[in-house]
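In: task: produce atomic coordinates for the following.
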Amino acid sequence: MSFLISIVAFIVAIGLLVAIHEFGHFWVARKLGVKVLRFSIGFGKPLFMRKSKKDNIEYAVSAIPLGGYVKMLDEREGKVAKDEKHLAFNNQPVWKRIAIVVAGPLSNFLLAIILYSLVALIGIHAMKPYVGEISENSPAAIAGMTSGGQITRINNIKIDSWTAARMTFLTSYLENNKQLEISVLKDNEEKTYTLDLSKTPILKDTEDFLEQAGIDSWRPKQTVSIYNVLPNSPAESAGLKKGDILLQVDQQPINDSKAFVDYVRSHALQKITLKIERDGSMLDLVINLAEKIEKGKKYGSLGAALSPEVADDLSADDQEKLDHAVFLQKVGVAKAFATGLKKTWQMSVVTLKVMGRLIIGEASLKNISGPVTIAEFAGKTAMVGIAAYLSFLAIISVSLGVLNLLPIPMLDGGHLLYYIIELLTGKPVPERIEALGFRIGIALVGSMTVLAIYNDITRLMT
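Out: Below you'll find the model as predicted:
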């Protein structure tokens with residue numbers, strides 16, 4: 001069922017985002033007097049086509065769904081009748097060609113603003129930034145941070161949720177601010193800690209960057225049980241069964257599923273002793289953990305899926321935190337558009353800066369995702385709710401807008417670069433230069449696509 005939801009959510013997302021992008025080109029071209037021959041969602045052979053009787057424009061859905069195009073009358077692509085030469089794209093003033101090219105990415109930014117505004121109006125559930133465990137020898141631990149309390153500010157910017165904490169943390173880091181000040185309210189006292197991230201290249205890894213800084217989100221005490229046991233796994237060999245409640249690992253209490261997983265992953269090819277409860281009886285099981293390799297690193301593997309639930313015996317403090325941990329972020333009509341505008345700008349800047357870090361080697365190429373990852377997140381957000389799915393669409397729309405404005409031949413940004421050169425020099429870029437640039441653009445975009453799909457496959461395998 002989840003796979004089907006992911007496929008449907010992905011098709012809706014790609015279809016909508018491509019349609020909006022291409023409609024920007026289409027609408028502006030027609031308004032500026034350029035003849036449009038075809039509007040296509042997808043590349044390659046058309047699967048469905050309808051020709052408008054009014055203006056003879058072909059509307060098509062094509063076989064390869066990862067994009068689309070607007071075909072305009074152009075003397076470089078075929079013969080144009082003398083009485084239609086003034087309608088050809090290549091005969092338009094340079095400012096008109098620039099407007100038509102820019103309209104696609106701008107449509108994506110406009111869609112993101114609308115989507116973020118809708119999310120602000122509908123409201124989206126967020127989590128309070130309660131601080132959980134602080135990793136040993138991490139930047140947060142070295143700065144003196146301890147578990148407990150609530151993050152209130154990062155670099156003097158007010159924080160009200162984990163989403164805001166992550167975005168503010170990342171934007172501050174991308175501004176080459178390797179000394180981050182994090183204020184935490186604990187026991188009615190606010191303390192500010194300075195984290196030194198100069199030796200923590202958080203974009204070099206695909207793991208959560210707050211966790212790389214040593215900060216984990218708070219989770220209530222859990223009762224952790226076995227949900228499923230994989231065949232031919234260490235868990236099956238040791239006798240673990242579905243429904244077993246995990247009490248201790250190597251005499252340490254198990255109160256948190258993530259902490260238990262981290263413990264297992266750090267003990268590859270080692271023996272661990274699990275104390276479990278089964279049908280009211282206590283059992284000790286000795287398990288020889290296996291080893292698996294993820295992203296070139298070795299980790300311990302148990303071969304079982306966990307089912308964590310909030311424990312019944314929470315302390316009064318934890319119960320109070322749990323009661324207030326999740327809240328609805330929502331604004332009125334007056335602030336919704338401003339919120340959409342701010343988030344779109346913020347996400348655009350972050351996307352552009354991360355791309356810059358990829359180019360200079362300060363960010364891992366493993367962060368580039370392809371259609372499989374996009375489909376996965378489309379499905380996950382769709383199952384969470386409409387607000388989460390709209391937020392996902394906004395993020396992808398911003399990414400599509402920024403990507404298309406990059407000065408890479410073949411993309412809108414490449415054409416824009418040629419037209420700006422023509423505007424400055426007074427003459428168009430020679431066709432042989434354009435052709436060479438197009439081949440370079442295909443190579444670059446093709447390489448990025450192959451890398452993204454490779455990353456997707458690697459994630460699936462690991």
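In: ok, Tyr193 touching Pro139?
Out: No - Tyr193 lies out of contact with Pro139 (Cβ atoms under 8 Å); the separation is 9.4 Å. Where you see a C-beta, it was placed from the backbone N, CA and C, and this is true even at glycine.
In: quick one, which of these two is more surrounded?
Out: For the pair Tyr193 and Pro139, the greater number of neighbours falls to Pro139 (24 against 17), based on other Cβ atoms under 10 Å.
In: which one is that one nearest to, not counting chain neighbours?
Out: Nearest-residue entry for Pro139: Leu195, 4.5 Å, with adjacent residues in sequence omitted and distances by Cβ to Cβ, 6 or more residues apart in numbering.
In: now do the SS call for the one you found.
Out: Put simply, Leu195 is strand when judged by DSSP: H, G, I helix; E, B strand; the rest coil.
In: and it, what does it touch?
Out: Contacts for Leu195 were tallied using Cβ atoms under 8 Å, 6 or more residues apart in numbering; they are 139-140, 142-143, 145, 179-182, 213.
In: and it, what pLDDT?
Out: Looking at Leu195, its pLDDT reads 91.
In: returning to that earlier point: show me the contacts of Leu195 that map onto helices.
Out: 139-140, 142-143 (DSSP state H).
In: which of those residues lies closest to Gln92?
Out: Comparing these against Gln92 with Cβ to Cβ places Pro139 closest, at 54.5 Å.
In: got the contact list for the closest one?
Out: Contacts of Pro139 were listed using Cβ under 8 Å, 6+ apart, and they are 195-197, 200, 213-214.
In: now the strands for the stretch 201-350 of the chain?
Out: Remark: strands assigned in the stretch 201-350 of the chain by DSSP state E, counting those that start in this stretch are 215-217, 222-229, 245-249, 252-253, 271-278, 281-288, 290-294, 297-301, 304-310, 326-329.
In: can you list those strands in a markdown table and add mean pLDDT, distance to Ala378 and mean neighbour count?
Out: What follows is the strands of the stretch 201-350 of the chain, written out as a markdown table (pLDDT from 0 to 100; distance: least, Cβ to Cβ, whole Å; neighbours: other Cβ atoms under 10 Å):
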| stretch | mean pLDDT | distance to Ala378 | mean neighbour count |
| --- | --- | --- | --- |
| strand 215-217 | 89 | 24 | 23 |
| strand 222-229 | 91 | 25 | 18 |
| strand 245-249 | 92 | 33 | 18 |
| strand 252-253 | 92 | 38 | 12 |
| strand 271-278 | 92 | 37 | 17 |
| strand 281-288 | 91 | 37 | 13 |
| strand 290-294 | 83 | 24 | 13 |
| strand 297-301 | 85 | 28 | 16 |
| strand 304-310 | 90 | 23 | 16 |
| strand 326-329 | 89 | 22 | 12 |
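In: reformat these as TSV; add distance to Lys82.
Out: Below are those laid out as TSV (distance: least, Cβ to Cβ, whole Å):
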stretch	distance to Lys82
strand 215-217	68
strand 222-229	72
strand 245-249	81
strand 252-253	85
strand 271-278	83
strand 281-288	82
strand 290-294	64
strand 297-301	67
strand 304-310	70
strand 326-329	60
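In: tell me what Glu190 is bridged to.
Out: Counting by DSSP bridges, Glu190 is bridged to Leu185.
In: contacts for stretch 253-268?
Out: For stretch 253-268, contacts defined as Cβ under 8 Å, 6+ apart pick out 133, 216, 219, 221-222, 224, 246-249, 252, 272, 289-292, 298-302, 306, 308, 311.
In: sorry, back to before: pull out the buried residues from the contacts of Pro139.
Out: Buried members of the contacts of Pro139, scored by 16 or more other Cβ atoms under 10 Å, are 195, 197, 200, 213-214.
In: tell me where the stretch 1-150 of the chain has helices.
Out: Secondary structure of the stretch 1-150 of the chain by DSSP state H, counting those that start in this stretch: the helices cover 2-31, 94-122, 139-143.
In: CA atoms only for stretch 359-376, dumped as PDB, please.
Out: Extracted in PDB, the C-alpha atoms of stretch 359-376 (Å, rounded to 0.1, in the frame of the first residue of the first chain):
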ATOM      1  CA  ILE A 359      31.100  22.100  -6.500                       C
ATOM      2  CA  ILE A 360      34.100  23.000  -4.300                       C
ATOM      3  CA  GLY A 361      34.100  19.600  -2.600                       C
ATOM      4  CA  GLU A 362      32.900  20.700   0.900                       C
ATOM      5  CA  ALA A 363      29.700  18.700   0.600                       C
ATOM      6  CA  SER A 364      29.400  15.000  -0.200                       C
ATOM      7  CA  LEU A 365      28.000  14.000  -3.700                       C
ATOM      8  CA  LYS A 366      26.000  11.400  -1.800                       C
ATOM      9  CA  ASN A 367      23.600  14.200  -0.900                       C
ATOM     10  CA  ILE A 368      22.400  14.300  -4.500                       C
ATOM     11  CA  SER A 369      19.100  12.400  -4.700                       C
ATOM     12  CA  GLY A 370      17.300  11.000  -7.700                       C
ATOM     13  CA  PRO A 371      13.700   9.900  -8.600                       C
ATOM     14  CA  VAL A 372      13.600   7.000  -6.200                       C
ATOM     15  CA  THR A 373      14.400   9.100  -3.100                       C
ATOM     16  CA  ILE A 374      12.000  11.800  -4.300                       C
ATOM     17  CA  ALA A 375       9.200   9.100  -4.700                       C
ATOM     18  CA  GLU A 376      10.000   7.700  -1.300                       C
END
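In: can you check what pLDDT the model gives Tyr69?
Out: The model reports Tyr69 with a pLDDT of 88.
In: partners of the closest residue to it other than its chain neighbours in the sheet?
Out: Leaving aside its sequence neighbours, Tyr69 sits nearest to Ser40 (Cβ to Cβ, 6+ apart; 5.3 Å). Listed beta-bridge partners, Ser40: Ala60, Tyr69 (assigned using DSSP bridges).
In: follow-up on the earlier one: ranking the contacts of Leu195 by neighbours, who comes first?
Out: Neighbours here mean other Cβ under 10 Å. Within these, the largest count is held by Ile182, at 27 neighbours.
In: from Asn91, how far out is that residue?
Out: 58 Å (Cβ to Cβ, to the nearest Å).
In: now swap in Glu84 and tell me
Out: 10 Å.
In: what's the span of stretch 417-435 from first residue to last?
Out: Chord length of stretch 417-435, first to last residue, is 14 Å (Cα to Cα, to the nearest Å).
In: which other residues reach that stretch?
Out: If you take Cβ under 8 Å, 6+ apart as the criterion, stretch 417-435 is touched by 76, 94-95, 97-98, 101, 407, 409, 437.
In: ditto for stretch 90-107
Out: Applying Cβ under 8 Å, 6+ apart, the contact partners of stretch 90-107 are 20-25, 27-29, 32-34, 74-76, 85, 89, 400-402, 404-405, 412-413, 415-416, 419-420, 422-423.
In: drop anything exposed from these.
Out: Listed as buried from these are 20-25, 28-29, 32, 34, 74, 89, 400-402, 404-405, 412-413, 415-416, 419; burial here means 16+ other Cβ under 10 Å.
In: what about Ser62, how many residues nearby?
Out: Using other Cβ under 10 Å, Ser62 has 19 other residues around it.
In: quick one, what contacts it?
Out: 40-47, 68.
In: next, format those residues as TSV and append neighbour count.
Out: TSV is the format used below for these (neighbours: other Cβ atoms under 10 Å):
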residue	neighbour count
Ser40	20
Ile41	23
Gly42	21
Phe43	14
Gly44	11
Lys45	9
Pro46	16
Leu47	12
Gly68	25
